[in-house]
Structure formats: structure tokens, C-alpha cells
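S.K.: From the sequence below, what's the structure:
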Amino acid sequence: MILCSFLNNKILITGSDGFISKRLKSYLINKSYDVISTSRVKGDRFYFDLKNELNTEYTIPHFDILIHLSYLREYALKEEKKHNINGAKNIFSLAKKYNAKIIYISSQNANPNSYSNYGKIKYAIEKIASQFNSVIIRPGLIYDKNSNAGIFGNIDKLIKKMPFIIVPSGLNKKLNLCNIESFNETINDILINTIHHSKIDLYERENYNLFDLVKHIAKINNKKIKILLLNYKIILFLLIFLEFFNIELTFKSDSLKSLIK
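M.R.: The predicted structure is shown next:
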């Protein structure tokens with residue numbers, strides 16, 4: 001009976017076009033949960049844009065559980081911070097009005113001293129989420145062995161296709177991994193066990209710097225690949241230069257910054 005009552009709850013997932021949210025939505029639907037998701041495109045699903053501070057009550061129906069995954073990348077820290085923090089406050093406030101449980105998906109990189117905008121902003125949103133008695137999940141680098149999405153997936157794709165790969169050198173920050181299946185199962189456990197106002201670190205025990213991660217993925221694919229090292233400062237400068245001209249890149253400069261500290 002307890003499980004059935006949870007299945008009757010309406011779950012709202014933000015950031016529905018992302019790799020993680022797509023996998024999570026599919027997983028929860030297969031578990032027979034009632035799931036809806038938002039979109040930044042007006043007229044497509046339920047409109048919610050982190051840039052838009054209009055009252056979301058008029059675009060999003062009543063929900064019982066919020067899983068906040070949405071995040072907007074911007075070149076300027078000021079804009080990225082403004083939109084993501086104001087957007088989080090907006091959707092958290094609506095959840096509070098609906099008396100909905102909040103699950104905020106943060107990051108292992110969340111840190112006020114992070115070199116990346118992403119890490120700083122994720123930490124700032126954690127502080128806000130705590131004020132709303134949210135469950136905060138800090139996953140490691142989420143990966144799916146059957147997908148080319150995310151940093152893990154992009155590296156995996158390059159290793160499969162290329163005889164060599166260029167890796168930034170001088171990056172000693174350790175990364176923990178988090179399998180998408182473990183992530184989804186943890187969400188399900190939180191829903192079933194009615195966990196409130198807690199912070200959960202979610203990642204595998206082993207950790208890797210970027211160089212070791214490339215070797216790890218190559219080993220998984222049973223492929224020998226030549227690794228060419230190039231100082232990360234050169235790659236960072238190149239990424240920033242290309243982004244200045246609004247050139248769309250698979251790997252952003254801020255993602256590289258998140259590997260520095």
C-alpha cells in the first residue's frame with residue numbers, strides 16, 4: 001500500500017533534454033511512476049526556462065515530487081549564476097507552494113572554491129536547496145556504458161574511433177564515477193523510503209585523474225590507444241578563444257576548469 005501511494009504521486013523532472021534526465025524519466029516510467037518533465041521550448045511539454053522569471057504556476061501543473069536537474073551553461077559567470085540560482089529559487093518556491101518533496105541533483109564538484117563556474121554555482125544552489133529541506137544528491141561523474149553522452153561517453157566514443165587521443169596534462173584532480181543505474185536506483189530508494197533533508201554522496205570507490213580515466217575506458221573497451229599529452233593551459237586557452245566567437249563545442253572550457261581543482 002505504501003508503494004502504491006508513491007506511484008500515485010506526480011513527479012516533475014526539470015532539464016528533461018539532458019542525458020541524465022532522459023535516463024531517469026525512462027527508468028521511473030518503467031517503474032510505473034507518474035512522471036512529467038519540463039522544456040525550455042514553449043508549447044513543448046511544460047514550459048520552464050531558467051532564464052525566464054515568469055510565474056511557473058501558470059505553465060506547470062501541480063506535482064508532488066520535484067527532481068531538479070536543469071542547469072544552464074553560459075560563457076559569463078555573472079549570467080550563469082544569475083539564471084541558475086534564480087531559476088532554482090523559482091522552481092523550489094513553486095514546490096513549496098504545492099507542498100512537494102524536493103530532490104536536488106548537485107555534483108561532486110560543488111565547492112565554493114571550485115575553479116569552474118559549474119562547481120561554484122552548484123554549491124550555491126545546494127545552500128538554497130537546504131533552506132527548502134531538500135534531499136541533495138552529489139553524484140560523481142555519471143556514465144552509461146551504452147551511451148556516448150557526457151564526458152565519459154565522449155571519451156569512450158573517441159577511443160573506439162581513433163588510433164590516438166589528445167589528453168590535457170597537468171590535471172591531477174581525482175574523479176569518482178557514478179553508474180547511471182546506481183543513480184536511478186538511489187532516486188527510487190529515496191522515493192520509497194521517504195528520505196527528507198539529507199545530503200547523499202553517490203559515487204564508486206575508485207577515482208581517476210583524467211589521464212587515468214582515459215586508460216580505464218580504453219581497458220574497458222579492450223583497446224590499445226596512443227595517448228598524446230598537451231598542457232591543459234594551451235587547450236584551455238584554445239577553448240576560451242573558440243567560445244568567444246560563439247563556436248559550439250562538445251567540450252566546454254568550464255568543463256576543463258572543473259578538472260583543475
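S.K.: can we go C-alpha only for contacts and neighbour counts from here?
M.R.: Will do.
S.K.: At which residues are the strands of the stretch 1-150 of the chain located?
M.R.: For the stretch 1-150 of the chain, the strands defined by DSSP state E, counting those that start in this stretch occupy 10-13, 34-39, 46-47, 65-68, 101-105, 135-139, 141-143.
S.K.: what secondary structure does Ile235 sit in?
M.R.: helix (DSSP: H, G, I helix; E, B strand; the rest coil).
S.K.: Return the most buried member of the strands of the stretch 1-150 of the chain.
M.R.: strand 101-105 (a mean of 24; mean count of other C-alpha atoms under 10 Å).
S.K.: what packs against that one?
M.R.: strand 65-68, helix 77-97, strand 135-139 (3 or more C-alpha pairs under 8 Å, 6 or more residues apart in numbering; DSSP states H and E).
S.K.: and Asp49, which of the ones you listed is closest to it?
M.R.: helix 77-97 (7.4 Å; C-alpha to C-alpha).
S.K.: buried sites along the closest one?
M.R.: 80-81, 83-92, 94-95 (16 or more other C-alpha atoms under 10 Å).
S.K.: between these, which is nearest Phe164?
M.R.: For the buried residues of helix 77-97, the nearest to Phe164 is Glu80 (34.3 Å; C-alpha to C-alpha).
S.K.: neighbours of Ser169, just the number please.
M.R.: Ser169 has 17 neighbouring residues, counting by other C-alpha atoms under 10 Å.
S.K.: scratch that, Ile220 is what I was asking about
M.R.: The number of residues packed near Ile220 is 11, by other C-alpha under 10 Å.
S.K.: Check Tyr203 too.
M.R.: Neighbours of Tyr203 (other C-alpha under 10 Å): 20.
S.K.: wouldn't it be in contact with Glu181 here?
M.R.: No: the criterion here is C-alpha atoms under 8 Å, and Tyr203 misses it with Glu181 at 11.6 Å.
S.K.: quick revisit: closest one of the buried residues of helix 77-97 to Asn113?
M.R.: Lys81 (14.7 Å).
S.K.: coming back round to it: mind putting the helices and strands packed on strand 101-105 in CSV, distance to Leu239 and mean pLDDT included?
M.R.: Formatted as CSV, those follow (distance: least, C-alpha to C-alpha, whole Å; pLDDT from 0 to 100):
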stretch, distance to Leu239, mean pLDDT
strand 65-68, 29, 97
helix 77-97, 16, 94
strand 135-139, 26, 97
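S.K.: Gln108 is nearest to which of the ones you listed?
M.R.: Closest to Gln108 of these is strand 135-139 (C-alpha to C-alpha; 5.1 Å).
S.K.: Parallel or antiparallel, which strands does that closest one pair with?
M.R.: Note on strand 135-139: by DSSP bridges, its sheet partners are strand 101-105 (parallel), strand 199-202 (parallel).
S.K.: a markdown table for those, including distance to Ser37?
M.R.: A markdown table is the format used below for these (distance: least, C-alpha to C-alpha, whole Å):
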| stretch | distance to Ser37 |
| --- | --- |
| strand 101-105 | 14 |
| strand 199-202 | 23 |
